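>>> Need the 3D shape of this:
(chains A and B)
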Amino acid sequence: MASPSRSWLPTTSHLRAGLAGGGLAILSITFGRPDLLVMATPLLVVCLWSVVTRPTDPPAYTERLAHRTLREGEATRWRFVVEPTPGAEDIVAWVITPGFTRTWPSSGAITGSVDPSSPDAPVRLDVVIRSIRWGRRDLGPVAVAATSAWGAFRWSSGELRAHPTVTLPYPAAFDSTAPTPHPNGLVGLHRSARRGEGSEFSSIRPFQLGDRLRRIHWPVSLRTGELHVTSTWADQDTLVVLLVDASNDIGTSGGVDGTASSLDVAVRAAGAVAEHYLHGGDRVELRIVDASGLTRLPGAAGRHHLRRVLDRLAAVKAGSSFGFDPQVTQAHLSPGALVVMLSPLVSPRALQQGVSLAQHGFTVIVVDTLPAGVRQVDPENPFAEHAWRIRLLERSREVHRARQSGVPIVRWSGPGSLDEILRDVSHRSTAPRMARR
Amino acid sequence: MTISEAQLPTAAPPRDYGTGIARLVIFTAPVLVVLSAYLAHGQQPGSSAILVVALVPSLSAGTAFRPDSHFAVTLMALLVLIWLALVSDDLTPWTLVAALSLLSLHTAVAFATIAAPDALRCAATTRRWLRRYVVLAVLTASVWLLARGVHELGPSHSVALTLPAFAIVGTVLWVVRERSLPRTGRC
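Predicted structure coming up:
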């Protein structure tokens, strides 16, 4: 139990009852007015009742937030347990929550009553908090207060510290049946361009030195009189680099149940793509360009890495203090990596980045995360909407030119968003091409 | 385990009528006191009295929306002044109505201050306050009956009761003052 911090203090209600009751009583006796005595009596009784039952010791309490890490749309419980002292009657707890949270009750404040039949029984108060958008935010501050009979004396814990929480993005639904263009790891589920140890049948060929005996295909060997073996395609993994452009957040975010801003789409899509490839045994690297500059999470595989990716995505803060610098963004990028760039493409530099990556020989897929129907209305600037429309026209021209130069750009549309492009890229990857080194 | 969407409390929270009733009482009780004063007075009030009475609704509104402020004590003082200005030594049933209205006003304001106006109050709290209000209302009615009885005995008895009444009120006020002061720093 936390140590009690403050004592019981009289409230304005108590002051009012005392002043009004006492004043009326004195006037009544002084001027011989029994009508004033009738009015004074209940107020004086309230006053006397209050002081006789005044609590002496501050109540002990605990407060605990059940979870510090949530997924979008999930809720947690802030539980207050107050051990009342004699005389305490009503307990109030309240939580002040930041944006993108919903509380139950909606005000975030709840009252509880001390059971008169068991006055020592702890009073439990629960405030349910639901986080509706990814991100890192502080829940709180919170406070607990207790009042005595007639609300005459109040004890308050004061504002207790807020708890930092992380809301992980809820990855959008994503699935892909298309092969990845350049699988180059040692293990994985993707069929390699080369033959080797794997599970997918490739052909039956004559035995060579080094072939495993269990690979010998006896029916063909007996028929031809020469040893033949079954060859397979090697199973390999790939490195998927997710490049998230968080330099702009276009549109209004309504949380997990409402409309999505461009950053919402980018973060959830990045989570979905990461989840898909990590479940397939691939390695995923994350690069984020946001207000704090370029953040890089090195490529790794596994379920724990998905948690790291989501955790890093939850910390994204929209801003463009860094901007896109191709030299920095492309640094240490493994050759053969599949780069999935997620951007609203509002800044021309983001598109230049995609083109630059493609020119350097990387396999790039640009995912357009700009939500449809976004408008820029500024009541103080009548030209804002026109400027935005002009910018959108410029943007569509830039996107067209980028497509013509060989950068595939696709709108995010959930499952299968990347399939067509991945197939195209896989076919293209087998053809010779010129790259600028 | 976090609370999944399916486990979220979907039902609307229980309707909390306590705050609404308290606000209604805060609006109506002062009007009842003024009305009782006029009915006990039995005459048309002057224009200055009407001006003072016009302050009552605005103070009531201030009290209803900011119950923890000093609006309430100002409102009660104004109501007592109006009563003193209009009524002279009367123990009619309107006195009982005025006394009960003052008690209702105080109770409603005190109830409203135990938590923020939009806090979800548990039903047990509202029931307990209502029970206690009824107890005090019965006590007030008893005191009114007693006062009427003593008043009918004559002025000599009234004078004889004045001294003990002073003593009782003085003792009550002293006890209230002593026990209301913060106890920090005491042994």
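>>> drop to CA atoms for contacts and neighbour counts, all remaining ones
Noted.
>>> all helices for chain B, in order.
Using DSSP state H, the helices of chain B run over B:17-41, B:47-65, B:71-86, B:93-113, B:123-153, B:155-180.
>>> An error on my part: the question was meant for the stretch 251-400 of chain A.
Using DSSP state H, counting those that start in this stretch, the helices assigned to the stretch 251-400 of chain A run over residues A:262-279, A:303-314, A:326-329, A:348-359, A:384-404.
>>> Chain B is nearest to which of those helices?
When these are compared by Cα to the nearest Cα, helix A:303-314 sits nearest chain B, at 16.3 Å.
>>> Buried residues, that closest one. List them.
The neighbour-count check on helix A:303-314 (16 or more other Cα atoms under 10 Å in any protein chain shown) flags A:305-306, A:309-314 as buried.
>>> Would you mind pulling up the elements that that helix packs against?
Counting contacts by 3 or more Cα pairs under 8 Å, 6 or more residues apart in numbering or on different chains; DSSP states H and E, helix A:303-314 is packed against strand A:135-139, strand A:163-168, helix A:262-279.
>>> quick one on the thing from earlier: do you know which of the helices of chain B lies nearest chain A?
Here helix B:93-113 is closest among the helices of chain B (Cα to the nearest Cα), at 4.3 Å.
>>> Check which helices and strands the closest one is in contact with.
For helix B:93-113, the elements it packs on are helix A:12-31, helix A:34-52, helix B:17-41, helix B:123-153, judged by 3+ Cα pairs under 8 Å, 6+ apart.
>>> pLDDT below threshold where in the chain?
With no chain named, the answer covers chain A. Scanning chain A with the threshold set as pLDDT under 70 gives A:1-6, A:173-199, A:234-237, A:321-328, A:425-437.
>>> my bad, chain B
Within chain B, the stretches with pLDDT under 70 are B:1-16, B:43-49, B:154-166, B:169-170, B:176-187.
>>> swap the cut-off to 80 and go again
Residue ranges of chain B with pLDDT under 80: B:1-18, B:41-54, B:89-90, B:117-118, B:150-187.
>>> list the contacts for residue A:288?
Neighbouring residues of residue A:288 by Cα atoms under 8 Å, 6 or more residues apart in numbering or on different chains: A:243-246, A:294-296, A:316.
>>> just to revisit the earlier point, next, format the helices and strands packed on helix A:303-314 as a markdown table and append distance to residue B:28 and mean neighbour count.
Shown next, in a markdown table, are these (distance: least, Cα to Cα, whole Å; neighbours: other Cα atoms under 10 Å in any protein chain shown):
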| stretch | distance to residue B:28 | mean neighbour count |
| --- | --- | --- |
| strand A:135-139 | 40 | 20 |
| strand A:163-168 | 43 | 20 |
| helix A:262-279 | 51 | 25 |
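>>> so which of those gets nearest residue B:19?
Closest of the helices and strands packed on helix A:303-314 to residue B:19 is strand A:135-139, at 26.9 Å (criterion: Cα to Cα).
>>> quick one: that closest one to helix A:303-314, angle?
If you take axes from the mean of the first three to the mean of the last three Cα atoms, to 10 degrees, strand A:135-139 sits at 70 degrees to helix A:303-314.
>>> Starting from strand A:135-139, tell me the next helix or strand along the chain.
With elements assigned by DSSP states H and E, the helix or strand that comes after strand A:135-139 is strand A:142-148.
>>> could you dump the buried residues of helix A:303-314 to a markdown table with distance to residue A:172?
Shown next, in a markdown table, are the buried residues of helix A:303-314 (distance: Cα to Cα, whole Å):
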| residue | distance to residue A:172 |
| --- | --- |
| A:305 | 18 |
| A:306 | 14 |
| A:309 | 14 |
| A:310 | 12 |
| A:311 | 16 |
| A:312 | 16 |
| A:313 | 13 |
| A:314 | 14 |
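>>> ok, back up a step: in TSV: the helices and strands packed on helix A:303-314, plus distance to residue B:124.
As requested, those are arranged in TSV below (distance: least, Cα to Cα, whole Å):
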stretch	distance to residue B:124
strand A:135-139	29
strand A:163-168	31
helix A:262-279	44
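>>> Which one of the ones you listed lies nearest to residue A:24?
strand A:135-139 (47.9 Å).
>>> quick one: the closest one near chain B?
No: on the criterion Cα under 8 Å from any Cα of the partner chain, strand A:135-139 is out of touch with chain B, staying 15.6 Å away.
>>> ok so, going back, hey, which of the helices and strands packed on helix B:93-113 is tucked in deepest?
Comparing the helices and strands packed on helix B:93-113 by mean neighbour count (mean count of other Cα atoms under 10 Å in any protein chain shown), helix A:34-52 ranks first with a mean of 24.
>>> For the spatially most central residue of chain A, list the residues it contacts.
Centroid-nearest residue in chain A: residue A:134, 2.2 Å away (criterion: Cα atoms, centre = their mean). With contact taken as Cα under 8 Å, 6+ apart, residue A:134 is in contact with A:71-72, A:166-170, A:314.
>>> Next one: the closest residue in space to residue A:49 that isn't next to it in sequence from residue B:151, what distance?
Of all residues not flanking residue A:49 in the chain, residue A:149 sits nearest, at 7.6 Å (Cα to Cα, 6 or more residues apart in numbering or on different chains). Residue A:149 sits at a distance of 33 Å from residue B:151 (criterion: Cα to Cα, to the nearest Å).
>>> do residue B:58 as well
36 Å.
>>> what's the neighbour count on the nearest residue to residue A:375 once chain neighbours are set aside?
Once flanking residues are discounted, residue A:375 sits nearest to residue A:385: 6.9 Å by Cα to Cα, 6+ apart. Neighbour count for residue A:385, taken as other Cα atoms under 10 Å in any protein chain shown: 15.
>>> For residue A:385, give me its contacts.
Neighbour list for residue A:385: A:375-378 [criterion: Cα under 8 Å, 6+ apart].
>>> Which of those sits closest to residue A:270?
Closest to residue A:270, out of all of the contacts of residue A:385 and judged by Cα to Cα, is residue A:375, at 24.4 Å.
>>> That closest one: how many residues sit nearby?
Residue neighbour count, defined by other Cα under 10 Å, stands at 14 for residue A:375.
>>> next one: the one 5 residues further on
A count of nearby residues for residue A:380, using other Cα under 10 Å, gives 7.
>>> For whatever residue of the stretch 151-300 of chain A ends up closest to chain B, give me its contacts.
Of all residues in the stretch 151-300 of chain A, residue A:151 sits closest to chain B, at 5.7 Å by Cα to the nearest Cα. Applying Cα under 8 Å, 6+ apart to residue A:151 gives the contacts A:11, A:13-14, B:110-111, B:113-114.
>>> Identify the residue spatially nearest to residue A:77, adjacent ones excluded.
Distances taken as Cα to Cα, 6+ apart place residue A:128 nearest to residue A:77, at 4.5 Å, with adjacent residues excluded.
>>> Now that neighbour. Its backbone dihedrals?
The phi/psi pair for residue A:128 (degrees, to the nearest 10) reads phi -90, psi 130.
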